[in-house]
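Colleague: Sharing a model prediction with you, sequence too.
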Amino acid sequence: MTKLKIGFLHPGAMGISLAASAQNSGHTVYWVSAGRSRQTQARAVEHNLVELRSLSELCETCSVIVCVCPPHAAEKVARQTLEASFEGLYLDANAIAPQRAKHIGRLMDEAGVKFVDGGIIGGPAWEPGKTWLYLSGEYAERVTACFSAGPLETCIIGEEIGRASALKMCFAAYTKGTTALLCAILAAAEELGVRTDLQRQWSRNESDFADNAVSRVKRATVKAWRFIGEMDEIAATFAGAGVPAGFHEAAGEIYRRLAHFKAEPEQPSLEEVLDVLVCDLFE
C-alpha cells in the first residue's frame, strides 16, 4: 500500500473523524493551523495531525486534499486551494448542490487538479457501519484507498461529478428538512395553545414520537447555524431538478432563527426554542 500525505481543510467534528480513518489506513494527515479556532486546534493535537502553517505549505506537501467545511464556504476554499497552486487530488466532501459540485469540478479540471465529488451521510465516523462517504468521479477509487481501514465506509456510485452530492442532498432533504418542519409545527401549536394536546395525540398507542420530536428539535439548535447553508443547497438542488424549492427555503429560515443557540453553553429547553420561533414567526 502506498503511504499518502493527506491534507484536511478543516478538521472540525466531522473532518477530524475522516482524518482518523485516513490515519488508521496508514497515511500521514496534515492540517493548517493558521486562523483556526481553539476547538479545532485541540482536536488536531489530540489526534496527532501534522501542523503546517499555511495553505501553500499544505498544497506543496500533500498529494491529496480533503475539504470538509460549511456548505457556503466550499467554493471559496476550493478557489483558495487552486490559488495556492495545488496539483494533486481534491475531494470535496461538503453538503453542496450537484450544480455547485460540477462547477467546482470544472475549476479543478481547468487547473489540472484531479477532482472527486463526495457526500457524507451519518455523524462523525467513529464506529464501523455508521457513516458513509459516497463518491463519484473518475478518480473516486483513489479516495477509497485513503480510508480503506475505516471506520469510515466508502461507496463509489459512478463517474459523473455531482452524483454523490445529489444523493447527500436528497438524503438530508428528509432528515434535516423534517426536523425543521417539526420546529415549525411545535411553534405553531404552542402559539395556538394546543401543543400539549398535539403531543398527547402523538403519544397515543404507546408511540414515542412526541418525545423523539422534542429531542430532535432541541438537538438541532446546536448545528442550526450549519444547516442554513445546507437547506439553501438542497433548495438549489430541487430547483435544478424541476421540483418546488420553497419547503427547504423555509427550512433554512427556521434554522437561521435558531442559529444563535450555537453560542449557548447548554442545550436550550423546548420552551426557549419555541419562544424564539413564535416571536419571529408570529409577532
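Modeller: Alright, I've got the coordinates. Residues are numbered from 1 along each chain as shown.
Colleague: quick check: mean pLDDT across the longest strand that the chain contains?
Modeller: Of all segments of type strand in the chain, defined using DSSP state E, the longest is strand 114-121. In this model, strand 114-121 has an average pLDDT of 98.
Colleague: C-terminal to that strand, what's the next element?
Modeller: Under the assignment DSSP states H and E, the closest C-terminal helix or strand after strand 114-121 is strand 132-136.
Colleague: partners of that next one, with directions?
Modeller: Here strand 132-136 is paired, per DSSP bridges, with strand 114-121 (antiparallel), strand 153-156 (parallel).
Colleague: Any chance of these in CSV with distance to C69 and mean neighbour count as columns?
Modeller: Heads up, the C-betas are built off the backbone N, CA and C, glycines and all. Output for the strands paired with strand 132-136, formatted as CSV (distance: least, CB to CB, whole Å; neighbours: other CB atoms under 10 Å):
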stretch, distance to C69, mean neighbour count
strand 114-121, 12, 25
strand 153-156, 20, 18
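Colleague: Determine which of these approaches R257 most closely.
Modeller: Nearest to R257, of all these, is strand 114-121, at 25.7 Å by CB to CB.
Colleague: Just the buried positions in the helix or strand hosting H103, please.
Modeller: Under the criterion of DSSP H and E, H103 resides in helix 98-110. Residues of helix 98-110 classed as buried by neighbour count (16 or more other CB atoms under 10 Å): 98-105, 107-108.
Colleague: Looking at the residues you listed, which one is closest to A187?
Modeller: Closest approach between the buried residues of helix 98-110 and A187, by CB to CB: R100, at 30.7 Å.
Colleague: circling back: can you redo the strands paired with strand 132-136 as CSV with distance to A251?
Modeller: Formatted as CSV, those follow (distance: least, CB to CB, whole Å):
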stretch, distance to A251
strand 114-121, 18
strand 153-156, 27
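Colleague: which residues touch V217?
Modeller: Taking CB atoms under 8 Å, 6 or more residues apart in numbering, we find V217 in contact with 179, 182-183, 186, 270, 273.
Colleague: taking these one by one, which sit in strands?
Modeller: Judged by DSSP E, these include no members of strands.
Colleague: Would you write out the ChimeraX command that picks the buried residues out of those?
Modeller: In ChimeraX, this line selects whichever of the contacts of V217 come out buried by 16+ other CB under 10 Å:
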select :179,182,183,186,273
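Colleague: Now, the contacts of V217 that are in helices?
Modeller: Residues of the contacts of V217 located in helices (DSSP state H): 179, 182-183, 186, 270, 273.
Colleague: Distance to R257 and pLDDT added to the residues you listed, as JSON lines?
Modeller: Shown next, in JSON lines, are those (distance: CB to CB, whole Å; pLDDT from 0 to 100):
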{"residue": "T179", "distance to R257": "14", "pLDDT": "97"}
{"residue": "L182", "distance to R257": "14", "pLDDT": "97"}
{"residue": "C183", "distance to R257": "9", "pLDDT": "97"}
{"residue": "L186", "distance to R257": "13", "pLDDT": "97"}
{"residue": "L270", "distance to R257": "15", "pLDDT": "92"}
{"residue": "V273", "distance to R257": "10", "pLDDT": "92"}
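Colleague: Out of those residues, give me the two with the largest separation.
Modeller: The span of the ones in helices among the contacts of V217, defined through CB to CB, is set by T179 and L270 at 13.4 Å.
Colleague: Okay, now the unreliable bits of the protein?
Modeller: When residues are selected by pLDDT under 70, those of the chain lie in 1, 279-283.
Colleague: can you pull out the strands in it?
Modeller: Counting by DSSP E, the chain has strands at residues 5-9, 28-32, 50-52, 64-67, 89-92, 114-121, 132-136, 153-156.
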